[in-house]
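Peer 1: 3D model of this:
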Amino acid sequence: MPKSANQKLKLLYMMQYLLERSDENHPLSREQIQDMLISHDITVERKSFYSDIEALRTFGLDIINVKGKTPGYYIASRDFEVPELKLLVDSVQSSQFITEKKTRELIKKLETLCSAYEAQLIRRHVYVRNRIKHMNESIYYNVDKIHAGIATDQKICFKYFEFTADKKREYRHDGKLYSVSPYALTWDNENYYLIAFDTEAGFIKHYRVDRMTDISLTDESRDGADVFRQHDMGVYTRQAFSMFGGASETVEIEFDNHLAGVVLDRFGKDVVMLKTDEQHFKIRAEVMVSPQFFAWVFGLETGARIVGPDSVVAGMLEQLDAVRKTYESN
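Peer 2: Prediction:
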């Protein structure tokens, strides 16, 4: 009997079926695999079946043959384990910069990296609808274009917008194109930021990627390489609170002991923590002094106090006074 045109695809169908439908708790019998092949108009002989399994093993598939009352075959190891996939799914669904639509698409793709049964376990943990997600669907592709500018050493141009009270876009500079030299992308305070050198201003600026549109590469080479060589990007992003710039200052802050974990999360494990008494410790750290920095300290309530320098202490007092006045005016 002549063989069908699908006969050459036999190993591919077997591999796909094992990857999609088998795991340690769901081995596939020889009969199940053969029935699948027959459904694709592929003939299979008993002797060739075992040689096909060996060919797939040689190719790299970790196929286990279960013996006993319910014999069968399953994929024992994959590129990603289920706990790793759950971690990736949690990261995707909790990321504000990925829209709800794109979140569902990415999670669907992650589910293909495990068996259909394991995908159900992952799906049970997915709660996207009530998460806060950005409205800019193009952010996913903005990141790709920014990386292209960094890789090819080219400037990029784009439009930048804010949202109005009626949730409409309002472009800055009347829709004029920004032109900057991209150097890094960073994740901070639930948002994705571009760190770039602004040639016209002469210093580093930050831009929220979800607020950028119409990104394109220019024919100009990047500027600011010397400026970026002077900065360790890991240290730089720790200094900038919520990516708001400000004057860089070495600030001394005293904390209650129970805030040690908060300090390590913010400033890293290398920060020096000096004991001041039985209840407190202090640190010296270089930060960009901005309203967001003062807000971070304020959020720690009476557990944190800026000790110096005097100019930063005065700035904190001015910030507190300005906030107090907004309530007194009502």
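
Peer 1: Please count neighbours and contacts with C-alpha atoms only from this point.
Peer 2: Will do.

Peer 1: which SS class is Arg284?
Peer 2: Following DSSP: H, G, I helix; E, B strand; the rest coil, Arg284 is assigned to strand.

Peer 1: I meant Ile204, not that one.
Peer 2: strand.

Peer 1: same question, Cys157
Peer 2: strand.

Peer 1: Tell me the spacing between it and Asp214.
Peer 2: 8 Å (CA to CA, to the nearest Å).

Peer 1: Would you state the helices of the stretch 151-300 of the chain in chain order?
Peer 2: Using DSSP state H, counting those that start in this stretch, the helices of the stretch 151-300 of the chain run over 225-229, 233-239, 260-267, 291-299.

Peer 1: Strands of the protein, residue ranges please.
Peer 2: According to DSSP state E, the chain carries its strands in the segments 63-66, 72-75, 154-163, 169-171, 178-188, 191-198, 203-208, 212-221, 247-256, 274-275, 280-289, 304-308.

Peer 1: which of the residues in the third one are buried?
Peer 2: To tie it back to what came earlier, the one meant is strand 154-163. Residues 154-161 are the ones in strand 154-163 that count as buried (16 or more other CA atoms under 10 Å).

Peer 1: Distance to Leu177 and pLDDT added to these, as JSON lines?
Peer 2: Conversion of the buried residues of strand 154-163 to JSON lines gives the following (distance: CA to CA, whole Å; pLDDT from 0 to 100):
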{"residue": "Gln154", "distance to Leu177": "16", "pLDDT": "94"}
{"residue": "Lys155", "distance to Leu177": "12", "pLDDT": "94"}
{"residue": "Ile156", "distance to Leu177": "10", "pLDDT": "95"}
{"residue": "Cys157", "distance to Leu177": "6", "pLDDT": "95"}
{"residue": "Phe158", "distance to Leu177": "5", "pLDDT": "94"}
{"residue": "Lys159", "distance to Leu177": "5", "pLDDT": "94"}
{"residue": "Tyr160", "distance to Leu177": "8", "pLDDT": "91"}
{"residue": "Phe161", "distance to Leu177": "11", "pLDDT": "89"}
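
Peer 1: Let's have these in JSON lines, adding distance to Ser248.
Peer 2: Shown next, in JSON lines, are these (distance: CA to CA, whole Å):
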{"residue": "Gln154", "distance to Ser248": "28"}
{"residue": "Lys155", "distance to Ser248": "26"}
{"residue": "Ile156", "distance to Ser248": "27"}
{"residue": "Cys157", "distance to Ser248": "28"}
{"residue": "Phe158", "distance to Ser248": "28"}
{"residue": "Lys159", "distance to Ser248": "28"}
{"residue": "Tyr160", "distance to Ser248": "26"}
{"residue": "Phe161", "distance to Ser248": "27"}
